[in-house]
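S.K.: dropping the sequence and predicted coords here.
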Amino acid sequence: MLARLTALGYAVSVGHSPATANKVTGFDRVLALESVRFGPSLATRSEPLPVEDFGPAELIIDLTGTATVQNVPVLKLRFCGCDDFAAGISAMLSSGELPEIVSQLDGVAVGRARPMLSDRIWLSRMCNDLLAGAISLVVQSVVRFFAGDLPPIAETVDRAPGSSFLPNYAVSLAKGLAGRALQKLRSSGRPFYWQVAYRIIDGPDIAETGRLEGAPFTVLADDGERFYADPFVLEHDGHHYLFVEEFPYARGRGVISVSKLGEDGRFGTPRAVLEEPHHLSYPQVFAEGGELFMLPESGGAHELVLYRAEDFPNRWVRDSVLIAGRDFNDATLLQSGGRFWLFGTERFGYGSASDTMTVYSAASLRGPWEPHALNPIAIDRSAARPGGAFIRQGGRLLLPVQDGSRAYGGGLGLMELVRVDDEDVVFAPPRPIVPGTAWARNGIHTLNRTGRLEVVDSAG
């Protein structure tokens with residue numbers, strides 16, 4: 001937190017609360033035990049930061065709940081309705097509800113984070129996801145405080161912690177391990193499995209109806225040695241092309257592959273057209289300035305690279321590095337207000353790659369790209385990570401967003417972009433896409449369409 005605030009240009013003094021008993025709790029013992037396997041987590045006890053004083057403060061960030069200052073605004077956090085972090089986790093496990101963190105300014109709720117839990121079994125991993133979200137929430141609240149844009153929000157209902165931490169965690173751990181064992185028994189033998197599907201339609205599509213109804217989808221066949229995901233489509237010279245992430249299990253990383261729609265209305269086996277030493281996915285393809293480009297995800301390499309077609313669709317070359325040194329995921333392009341905008345999720349070392357939206361903009365496609373002044377825009381497992389290109393619906397702009405509340409790939413919603421400019425980014429709440437008979441899957445993860453061709457994918 002200190003590093004991120006300092007990087008944004010804030011002078012941050014550090015002070016300590018009055019000394020209290022440093023009692024080791026059951027929470028600490030579980031973390032210490034798990035550290036043998038996973039190493040230390042963000043919740044592991046550490047040595048206090050050295051005290052620094054840069055003079056009078058304009059805002060106090062109280063991480064102890066003991067601040068007694070006057071005439072200076074105080075920002076603090078509540079975890080799942082509790083002032084104490086361990087008590088908040090206990091309340092979450094006891095109730096079975098999903099986590100929520102609220103920032104309060106002088107006791108009034110002003111910000112909310114709903115982190116995605118990538119692991120619901122091990123405490124240390126849960127803590128990493130929750131505390132990474134908490135750090136992003138503090139950064140967001142500080143940025144908006146100094147921008148004069150921190151209005152009150154609806155307060156959440158407190159949750160009773162119930163019994164102490166250890167009993168709640170023991171029950172949760174047992175259920176989680178049993179559920180994981182059952183899932184492995186029911187699996188197809190693949191470590192993970194995604195499928196892409198497509199259809200040719202006339203009339204309303206998923207973005208209009210909000211349902212997986214209508215003409216049935218055709219599944220893109222695979223040979224069992226790989227899966228396909230993240231479908232994007234492009235119409236060029238009278239032909240339709242399907243770009244996908246292809247993940248050969250033996251290789252252990254994704255490549256970008258393409259298939260051309262045949263005269264029979266079916267796609268054949270995709271063939272690889274772009275490979276790197278690192279994982280590639282989310283092959284967003286588009287035309288700009290008379291050329292064809294691709295903007296795939298390569299967050300694991302901490303760079304976002306624009307590729308240009310030298311021989312479409314067979315040969316792609318690195319054109320420009322748009323963003324370097326960032327773990328930026330599923331960057332989705334939009335042109336609005338005479339500028340280019342990129343919407344995606346960003347991971348800051350710890351936590352999920354799917355719950356913290358950041359936005360960048362530039363005057364031209366090749367940049368330079370600058371972060372939005374109010375980043376992060378949202379910390380929300382159901383309304384942050386894009387799941388397809390923007391959809392223009394009349395005068396509205398809709399962004400498909402992944403819903404990771406249940407699990408990664410668990411669902412998709414449509415979120416209207418209300419405002420985007422240098423001063424703010426505002427979305428309406430997402431509208432979930434409802435399952436239907438067109439493709440009987442548990443949830444979809446990506447949605448795209450060009451002309452009459454509509455594509456989706458799913459993990460379940």
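M.R.: Now that the structure is in, tell me what you want to look at.
S.K.: now the strands for the stretch 151-300 of the chain?
M.R.: For the stretch 151-300 of the chain, strands defined by DSSP state E, counting those that start in this stretch occupy the ranges 195-200, 218-219, 226-236, 239-248, 255-260, 271-274, 281-288, 291-297.
S.K.: format those strands as JSON lines; extra columns: mean pLDDT and distance to residue 451.
M.R.: C-betas here are computed from N, CA, C, even on glycine. Compiled in JSON lines, the strands of the stretch 151-300 of the chain are given as follows (pLDDT from 0 to 100; distance: least, Cβ to Cβ, whole Å):
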{"stretch": "strand 195-200", "mean pLDDT": "97", "distance to residue 451": "9"}
{"stretch": "strand 218-219", "mean pLDDT": "96", "distance to residue 451": "16"}
{"stretch": "strand 226-236", "mean pLDDT": "97", "distance to residue 451": "5"}
{"stretch": "strand 239-248", "mean pLDDT": "97", "distance to residue 451": "7"}
{"stretch": "strand 255-260", "mean pLDDT": "98", "distance to residue 451": "14"}
{"stretch": "strand 271-274", "mean pLDDT": "98", "distance to residue 451": "21"}
{"stretch": "strand 281-288", "mean pLDDT": "98", "distance to residue 451": "14"}
{"stretch": "strand 291-297", "mean pLDDT": "98", "distance to residue 451": "16"}
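S.K.: residue 70: which of those is closest?
M.R.: strand 291-297 (48.4 Å; Cβ to Cβ).
S.K.: neighbouring strands for the closest one, and are they parallel or not?
M.R.: Within its sheet, and counting by DSSP bridges, strand 291-297 is paired with strand 281-288 (antiparallel), strand 303-311 (antiparallel).
S.K.: distance to residue 266 and mean neighbour count for those - can I get that in JSON lines?
M.R.: Compiled in JSON lines, the strands paired with strand 291-297 are given as follows (distance: least, Cβ to Cβ, whole Å; neighbours: other Cβ atoms under 10 Å):
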{"stretch": "strand 281-288", "distance to residue 266": "20", "mean neighbour count": "21"}
{"stretch": "strand 303-311", "distance to residue 266": "24", "mean neighbour count": "18"}
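S.K.: let me have those strands in a markdown table, extended by distance to residue 248.
M.R.: Below are the strands paired with strand 291-297 laid out as a markdown table (distance: least, Cβ to Cβ, whole Å):
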| stretch | distance to residue 248 |
| --- | --- |
| strand 281-288 | 13 |
| strand 303-311 | 20 |
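S.K.: which stretches of the stretch 351-460 of the chain have low pLDDT?
M.R.: In the predicted model of the stretch 351-460 of the chain, residues 460 satisfy pLDDT under 70.
S.K.: and the strands in it, which stretches?
M.R.: Under DSSP E, counting those that start in this stretch, the stretch 351-460 of the chain gives strands at 356-362, 370-371, 378-379, 391-393, 396-402, 412-420, 425-427, 431-432, 446-450, 453-458.
S.K.: just how off-centre is the first one within its chain?
M.R.: Computed by Cα atoms, centre = their mean, to the nearest Å, the chain-centroid distance of strand 356-362 equals 12 Å.
S.K.: I'd like to check the angle between that strand and strand 412-420, please.
M.R.: Here the directions of strand 356-362 and strand 412-420 differ by 50 degrees (axes from the mean of the first three to the mean of the last three Cα atoms, to 10 degrees).
S.K.: and for the fifth one?
M.R.: Taking the same axes, to 10 degrees, one finds that strand 396-402 is oriented at 130 degrees with respect to strand 412-420.
S.K.: for strand 396-402, buried residues please.
M.R.: Judged by neighbour count using 16 or more other Cβ atoms under 10 Å, the buried positions of strand 396-402 are 397, 398, 399, 400, 401, 402.
S.K.: remind me which helix or strand residue 31 belongs to.
M.R.: For residue 31, the element it lies in under DSSP states H and E is helix 26-38.
S.K.: tell me who's in contact with the residue lying closest to residue 389 once chain neighbours are set aside.
M.R.: Excluding the flanking residues, the one nearest residue 389 by Cβ to Cβ, 6 or more residues apart in numbering is residue 448, at 5.7 Å. Residues in contact with residue 448 (Cβ atoms under 8 Å, 6 or more residues apart in numbering) are 231, 232, 233, 388, 389, 400, 454, 455.
S.K.: what's around the second one, how many residues?
M.R.: Neighbours of residue 232 under the rule other Cβ atoms under 10 Å: 25.
S.K.: next one: the fifth one
M.R.: Here the neighbour count serves as a burial measure; for residue 389 (other Cβ under 10 Å) it reads 21.
S.K.: now distance to residue 185 too, for the contacts of residue 448, in JSON lines please.
M.R.: Listed next are the contacts of residue 448 as JSON lines, based on distance: Cβ to Cβ, whole Å:
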{"residue": "231", "distance to residue 185": "30"}
{"residue": "232", "distance to residue 185": "35"}
{"residue": "233", "distance to residue 185": "37"}
{"residue": "388", "distance to residue 185": "33"}
{"residue": "389", "distance to residue 185": "38"}
{"residue": "400", "distance to residue 185": "33"}
{"residue": "454", "distance to residue 185": "35"}
{"residue": "455", "distance to residue 185": "32"}
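S.K.: most widely separated two among those residues?
M.R.: Using Cβ to Cβ, those reach their maximum pairwise distance at 233 and 400, which is 13.6 Å.
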